[in-house]
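Enquirer: Whatever this is, show me its structure:
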Amino acid sequence: MQKNTLTHFYNIGVNYKKADVKTRGKYSLSKENQSALLELAKEKKFDGVFVLSTCNRTEISGFAEHPYQLIQLLCHFSEGSVEEFASISNVYKNQEAVHHLFRIGTGLESQILGDYEIVGQLKQSFKMAKLHKMTNAHIERLLNSVLQASKRVKNETKLSSGTTSVSYAAVQYIIKNLPDYNSKNMLVFGLGKMGKHTCKNLAEYTKNNTVCLINRTEEKAVQFVKGNNSIRKSVIKNLSEEIENADVLIVSTGSDKPTITKEHIRNNKKLMILDLSMPENVAKNVTDFEGVSLVNVDELSKITDETLAARQKEIPLAEAIIEKHKTEFNDWLNHRRFTPAIAALKQSLENIKNDEINFQKKKITDFDENQAEILTSRFIQKITTQFVKHLKDEDTSVSQSLQVINKVFQS
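Expert: As a prediction, this is how the structure comes out:
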């Protein structure tokens, strides 16, 4: 794809609003596949692409001639099909795509309103895209604007007041559904962000001193339990044994395939399993065992409390902050897009004006050069103003407009 071709800024993807956890899992992208996708985009000469893949959404933002080019990238590196994508997806173009990213970054599009874990994920997405040389000035400025708006929303509104997140909801689910939860044996498997937050929330809200942690990379677990006296570390080879001793199993591993299967669980075992992973990392058939219950991300996200009602009232304030930062971004974008075109047009008109004034000076006696200069300069200003209006139309291609100027006004 040549950079000079007619491209637009698109955002394509699936999220929790139209796709359940199983369907979202088909389109989720591992870190390795995100890297591979960015490399292929670079090879195909896309002019700026970044990928966001979380438990609630998988989205690609970038420049393309048609959104289908980005959809193909997503489906190539995931298990989802183009056909199914069409029925469950969102496709945003130009200003709609910009607005969508502002809403994501400020927590307005989070499955639990005001959940700001997405901010760190956005930063990681940009970092990865930059590592693969798939960012540009437009994307860098946009994400900086989104993060500035996010910081203001967090500091100046109560959109994130109270403690509400999927990891928090998991702990609340345990408290509401498990008698004597303070004394039950709890096992956390996986130490990604969700696992860390869950461990901290278990310690804070349950006061439970029988929490065990297992992580596939043992060194990370060793570091995490330092200073956490209420959490005991175990090792991956003891997973089945620890599950045997557990009343609650919380899974937050980052695998493409189930990390917990029926083979890990004894038939007559009574066990509550909470799967915080995306795609789901607990095999569905574990519920064939009568004593096993299984709850996934979507079910946990339905758990709300009074803090969400308070957050709803903060939405207008957050939207006002978004509009301010979006306007500043668009002002920068317009200046960047229009300056070369306006400068080229002005130069062409100035050349015509100077040639004509020089011609009339030789031809007309007592020619008023100053008056002619004032008059023609006003004409040039009016023409360029009209041209700016033309360029502000979203369907206008600045590069094509420049080509027209060069063709019409070439000497």
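
Enquirer: Now do the SS call for the residue positioned nearest the centre of the chain.
Expert: Relative to the mean C-alpha position of the chain, the nearest C-alpha, by CA atoms, centre = their mean, is the one of residue 52, at 4.6 Å. Secondary structure of residue 52, reduced to three states by DSSP: H, G, I helix; E, B strand; the rest coil: strand.

Enquirer: need the contact list for it.
Expert: Counting by CB atoms under 8 Å, 6 or more residues apart in numbering, residue 52 touches 13, 58-61, 104, 121-122, 125. C-betas here are computed from N, CA, C, even on glycine.

Enquirer: Could you do residue 121 as well?
Expert: Residues in contact with residue 121, defined by CB under 8 Å, 6+ apart, are 52, 54.

Enquirer: name the element it belongs to?
Expert: Mapping residue 121 onto the secondary structure by DSSP states H and E places it in helix 117-131.

Enquirer: List the buried residues in that helix.
Expert: With burial defined by 16 or more other CB atoms under 10 Å, the residues of helix 117-131 counted as buried are 117-119, 121-122, 124-126, 128-129.

Enquirer: Lowest-confidence member of those, which is it?
Expert: Scanning the buried residues of helix 117-131 for pLDDT, the low point is residue 117. It has 82.

Enquirer: My read is that that residue contacts residue 192, right?
Expert: No. Using CB atoms under 8 Å, residue 117 is not in contact with residue 192; the gap is 10.8 Å.

Enquirer: on that earlier part again, next SSE after the helix holding residue 121?
Expert: That would be, after helix 117-131 and using DSSP H and E, helix 137-156.

Enquirer: for that following helix, packing partners?
Expert: When contacts are defined as 3 or more CB pairs under 8 Å, 6 or more residues apart in numbering; DSSP states H and E, helix 137-156 sits against strand 57-64, helix 95-105, helix 117-131, helix 315-363.

Enquirer: What angle do helix 117-131 and that helix make with each other?
Expert: With axes from the mean of the first three to the mean of the last three CA atoms, to 10 degrees applied, the angle from helix 137-156 to helix 117-131 works out at 160 degrees.

Enquirer: quick one on the thing from earlier: any idea which of the buried residues of helix 117-131 is closest to residue 150?
Expert: residue 119 (5.4 Å; CB to CB).

Enquirer: The chain: strands as residue ranges?
Expert: Per DSSP state E, the chain carries strands over the ranges 8-15, 49-53, 57-64, 90-93, 186-189, 211-214, 231-233, 248-251, 271-275, 292-295.

Enquirer: Just the angle for the third one relative to helix 137-156, thanks.
Expert: Our comparison of strand 57-64 with helix 137-156, counting by the same axes, to 10 degrees, yields an angle of 140 degrees.

Enquirer: so who does residue 126 touch?
Expert: Contact analysis of residue 126 by CB under 8 Å, 6+ apart lists 50, 135, 139-140, 143.

Enquirer: Could you report the pLDDT at the residue in the chain sticking out farthest from the centre?
Expert: Taking CA atoms, centre = their mean as the measure, the residue most remote from the mean C-alpha position of the chain is residue 365, 68.3 Å away. The per-residue pLDDT reported for residue 365 equals 87.

Enquirer: With residue 340 instead?
Expert: At residue 340, the model reports a pLDDT of 78.

Enquirer: same deal with residue 75?
Expert: On pLDDT, residue 75 comes in at 97.

Enquirer: got the contact list for the residue lying closest to it once chain neighbours are set aside?
Expert: Computed as CB to CB, 6 or more residues apart in numbering, the closest residue to residue 75 that is not its neighbour in sequence is residue 82, at 5.2 Å. With contacts defined as CB under 8 Å, 6+ apart, the neighbours of residue 82 are 71-72, 75.

Enquirer: Please identify the deepest-packed of the helices and strands packed on helix 137-156.
Expert: strand 57-64 (a mean of 26; mean count of other CB atoms under 10 Å).

Enquirer: Which strands and helices lie in contact with that strand?
Expert: In terms of contacts (3+ CB pairs under 8 Å, 6+ apart), strand 57-64 is packed against strand 8-15, helix 21-27, strand 49-53, helix 67-77, helix 95-105, helix 137-156.

Enquirer: and if we set it to 7 Å?
Expert: strand 8-15, strand 49-53, helix 67-77 (3 or more CB pairs under 7 Å, 6 or more residues apart in numbering; DSSP states H and E).

Enquirer: Dump the ones you listed to JSON lines, plus distance to residue 161.
Expert: Formatted as JSON lines, the helices and strands packed on strand 57-64 follow (distance: least, CB to CB, whole Å):
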{"stretch": "strand 8-15", "distance to residue 161": "24"}
{"stretch": "strand 49-53", "distance to residue 161": "25"}
{"stretch": "helix 67-77", "distance to residue 161": "35"}
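
Enquirer: follow-up on the earlier one: redo the buried residues of helix 117-131 as a markdown table? Include distance to residue 405.
Expert: What follows is the buried residues of helix 117-131, written out as a markdown table (distance: CB to CB, whole Å):
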| residue | distance to residue 405 |
| --- | --- |
| 117 | 48 |
| 118 | 42 |
| 119 | 42 |
| 121 | 43 |
| 122 | 38 |
| 124 | 42 |
| 125 | 37 |
| 126 | 35 |
| 128 | 39 |
| 129 | 33 |
